[in-house]
Each structure stands twice: as C-alpha cells, then as structure tokens.
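S.K.: after the sequence you'll find the predicted model.
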Amino acid sequence: AQTVTQSQPEMSVQEAETVTLSCTYDTSESDYYLFWYKQPPSRQMILVIRQEAYKQQNATENRFSVNFQKAAKSFSLKISDSQLGDAAMYFCAYRSPDNYGQNFVFGPGTRLSVLP
Amino acid sequence: NAGVTQTPKFQVLKTGQSMTLQCAQDMNHEYMSWYRQDPGMGLRLIHYSVGAGITDQGEVPNGYNVSRSTTEDFPLRLLSAAPSQTSVYFCASSYWDPRTGTQYFGPGTRLLVL
C-alpha cells in the first residue's frame, strides 16, 4: 500500500520570505498523481497544486511551485513571497492511477505559520 | 455552483446514539468518499463509492455504514456512536478518471461524542 510522509509537523516563515514543505511517498507504481492541499482555520480543503508523475516538468501555480523528484519519491512544495493568508495546514496527497479503489492517500500534514 | 455540501456542520451525540451525516455533490462525479480527520493523522478513508449502488470499505470502516442510491448523495451512518468517533468528517468527490482532475471536499462536519 502507498504511504505519504510529511516529516515537518510545524514550520514557520517570515512574511515575504520563501518556505519549502517536504513530502515523501512510497509506491511501486510508475504512473500516479500528487497533490498539495491547504486547510486554513475554516477547515475547508483547498487544492494548491497538482503534479502528474509522467510529467518531468515541475508544476507551478503563481507563488506555489513543487520540486518533484520521481526517483527519490519526493514532492516538496515551495511557497514564495509568503503572505499571512498562507498560514494553514498543508497536506500532501497521492492518487493511484487505478480507477477503482482506495486511490487517495494523505500525509499527516504540516502546520505553517507566517510571521509578520 | 454548490460543489460538495455537508450537513450538519456540528453535532453533539451521546454514546450509543445513531445519526446520519449528509453529503451531496452537484458535479456529476462518480467517485465519492468519506474521511475522518484527527490531530496528527491527516485524513483517513472511511468508505468510498465509485458509482450509484457500489460502495466499499476504506482504512477505518468500523462503526460506519454507507449507501449510494443516487450519483449525487452519499450519506454516512454512525450506528452506535462512541467517543472514539469524535472527529471532523469530510466528504469528497471526484471524477472516476484520475486524469480529469482532483478531489473536491465539503466544508466538514465536526462531531463530538460524549
């Protein structure tokens, strides 16, 4: 079974600075999908970014970008120019390419604080 | 566009009581799922469904039942509530084909079992 690990339970960053959140996963599949979700205090789960494993190019969404290292099974999230609104729990998630089954697996999360 | 809706937002139960958490989506998604979120453990899958009439167990199914009579609705039933079921519950939906997108989440239901 796939597993997702986030080794940093908590992180902090100064406003306007850059922070990187780590995520590693374990899988025997060659094709899969990776996600970062943001959960602010409102508890709403918000998709931040998505990466297809077959794509070598790292995904980017405005200030958010990933460093996808397939061989190392690593999928880190970089937040540039951090803003107060970025403070939240961040979850890394893995999705199997299978169309049937328990195909989403989440990591335990990293709580990000943004200091003014 | 409502997306994924959940009711209630908050519920207090006594041990042994039963209740149903409601979930509905209006995006015609085939895949729906229920997660529970506990501190330090991320989201754990309770049950999921790949279409109307088809459900299966996830990682932590004990104490919960589901059914899927329509594409839109996927209720979660607690048969006899226990304090260990105190948690935040999320419903989510997505298309069958993983290439077409991601999972969309409801706002969550906070459940307290006394």
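M.R.: Noted; the coordinates are in hand. Numbering: from 1, shown residues only, chains lettered A, B, ... in the order given.
S.K.: residue B:29 and residue B:50, how far apart?
M.R.: Applying Cβ to Cβ, to the nearest Å, the value for residue B:29 to residue B:50 is 10 Å. Glycine gets a C-beta too; all of them are placed from N, C-alpha and C.
S.K.: settle it for me: which of those two has more neighbours?
M.R.: Legend: neighbour count by other Cβ atoms under 10 Å in any protein chain shown for residue B:29 and residue B:50, higher for residue B:29 (21 against 18).
S.K.: what sits against the more buried one?
M.R.: B:71, B:93, B:94, B:95, B:104 (Cβ atoms under 8 Å, 6 or more residues apart in numbering or on different chains).
S.K.: please spell out the ChimeraX selection for the buried subset of those residues.
M.R.: Listed next is the ChimeraX selection for buried residues among the contacts of residue B:29, using 16 or more other Cβ atoms under 10 Å in any protein chain shown:
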select /B:71,93,94,95,104
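S.K.: hmm, which of the contacts of residue B:29 is lowest in pLDDT?
M.R.: pLDDT is lowest at residue B:95 among the contacts of residue B:29; the value there is 84.
S.K.: hang on, isn't that one packed against residue B:31?
M.R.: Yes: using Cβ atoms under 8 Å, residue B:95 is in contact with residue B:31, at 6.8 Å.
S.K.: just the element for the one residue sitting closest to the centre of chain B, please.
M.R.: With distances taken as Cα atoms, centre = their mean, the residue of chain B nearest its centroid is residue B:34 (2.8 Å). Assigned by DSSP states H and E, residue B:34 falls within strand B:31-37.
S.K.: tell me the contacts of the residue of chain B most remote from its centre?
M.R.: Distance from the centre of chain B peaks at residue B:99, with 22.9 Å (Cα atoms, centre = their mean). Taking Cβ under 8 Å, 6+ apart as the contact definition, residue B:99 lies against residue A:52.
S.K.: chain B against chain A: which residues are in contact?
M.R.: Neighbours of chain A within chain B, by Cβ under 8 Å from any Cβ of the partner chain: B:33, B:35, B:40-45, B:48, B:50, B:56, B:58-59, B:88, B:90, B:92, B:96-99, B:102-105, B:107-108.
S.K.: can you tell me which of the residues you listed are buried?
M.R.: B:33, B:35, B:42-45, B:48, B:50, B:58, B:88, B:90, B:92, B:98, B:102-105, B:107-108.
S.K.: not counting residues beside it along the chain, what's closest to the residue in chain B that chain A sits nearest to?
M.R.: Residue nearest to chain A within chain B (Cβ to the nearest Cβ): residue B:105, separated by 3.8 Å. Closest residue in space to residue B:105, ignoring its immediate chain neighbours: residue A:45 at 3.8 Å, by Cβ to Cβ, 6 or more residues apart in numbering or on different chains.
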